[in-house]
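>>> Got a sequence here, can you build the structure:
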Amino acid sequence: MSTEAGPGETGVVRPGSSRRLGLERLLSAELVYGTIVFMALVMATSDEEDTSAADALTWGVVTMVVFWIAHVYAATLAGYALHREVRHPIRTAARHHLGLLGAVVLPGIPLALSVAGVLDVDDATDWSILTGLAVLAVTSAVAFIVRRAPWWSAVLGTIGAVLLGLMIVLLDYLVH
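Below is the predicted model of the structure:
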């Protein structure tokens with residue numbers, strides 16, 4: 001990883017670095033967006049009396065797949081319309097937006113455990129939302145660490161980012 005700072009730069013990951021792709025997947029806007037949407041869906045489905053963890057997980061996965069398809073379609077069409085030099089526009093867009101699908105994985109584990117009978121639905125819902133917040137926290141912390149922020153700035157920034165993410169989840173939940 002090339003993080004040596006040039007004139008006027010802090011230690012950031014340079015475009016040609018070997019770890020760039022991994023960081024781009026971890027820090028993708030799609031992962032953050034997908035995590036927020038998935039948490040709001042879990043909150044919304046938990047309000048229904050007869051909704052099971054399987055229902056919440058199914059709705060979450062189906063919704064994220066539909067969002068992923070919509071994003072791939074939009075990115076492919078826009079890229080084609082703008083004559084971008086992309087050899088395989090659908091494949092490129094599909095890879096770029098994988099974070100939407102990845103957002104289901106960790107917060108979906110407690111729901112899957114509930115389907116398997118390990119957790120009850122209420123606990124699975126709580127753990128799913130907490131796991132989603134943890135994903136936002138780790139994503140935020142990595143962003144601050146990569147930028148070589150002072151430790152206190154990284155801690156405060158991560159707390160602020162998680163609180164903002166929670167506020168967005170609550171707003172999304174209230175709107176829908």
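
>>> L164: which element?
Using DSSP states H and E, L164 maps to helix 151-175.

>>> list the helices and strands that helix packs on?
In terms of contacts (3 or more C-beta pairs under 8 Å, 6 or more residues apart in numbering; DSSP states H and E), helix 151-175 is packed against helix 29-46, helix 121-146. Just so you know, the C-beta spots here come from the backbone N, C-alpha and C atoms, and that holds for glycine as well.

>>> So which of those helices is nearest D172?
helix 29-46 (3.9 Å; C-beta to C-beta).

>>> And the contacts of the closest one?
25, 51, 55-56, 59-60, 63-64, 67, 71, 96-104, 107-108, 111, 121-122, 125, 128-129, 132-133, 135-136, 139, 165, 168-169, 172-173, 176 (C-beta atoms under 8 Å, 6 or more residues apart in numbering).

>>> Pull out the buried members of those residues.
The neighbour-count test (16 or more other C-beta atoms under 10 Å) applied to these identifies 51, 55-56, 59-60, 63-64, 67, 71, 96-104, 107-108, 111, 121, 125, 128-129, 132-133, 135-136, 139, 165, 168-169, 172-173 as buried.

>>> Quick check: buried residues in stretch 38-52?
For stretch 38-52, by 16+ other C-beta under 10 Å, it's F38, M39, A40, L41, V42, M43, A44, T45, S46, T51.

>>> Please disregard the earlier target; I meant stretch 142-153.
Applying 16+ other C-beta under 10 Å to stretch 142-153 flags A143, F144, V146, A149 as buried.

>>> go on, stretch 72-79?
Residues V72, A75, T76, G79 are the ones in stretch 72-79 that count as buried (16+ other C-beta under 10 Å).

>>> May I see the residues you listed organised as JSON lines, with secondary structure and distance to T92 added?
Formatted as JSON lines, the buried residues of stretch 72-79 follow (DSSP: H, G, I helix; E, B strand; the rest coil; distance: C-beta to C-beta, whole Å):
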{"residue": "V72", "secondary structure": "helix", "distance to T92": "9"}
{"residue": "A75", "secondary structure": "helix", "distance to T92": "8"}
{"residue": "T76", "secondary structure": "helix", "distance to T92": "8"}
{"residue": "G79", "secondary structure": "helix", "distance to T92": "8"}
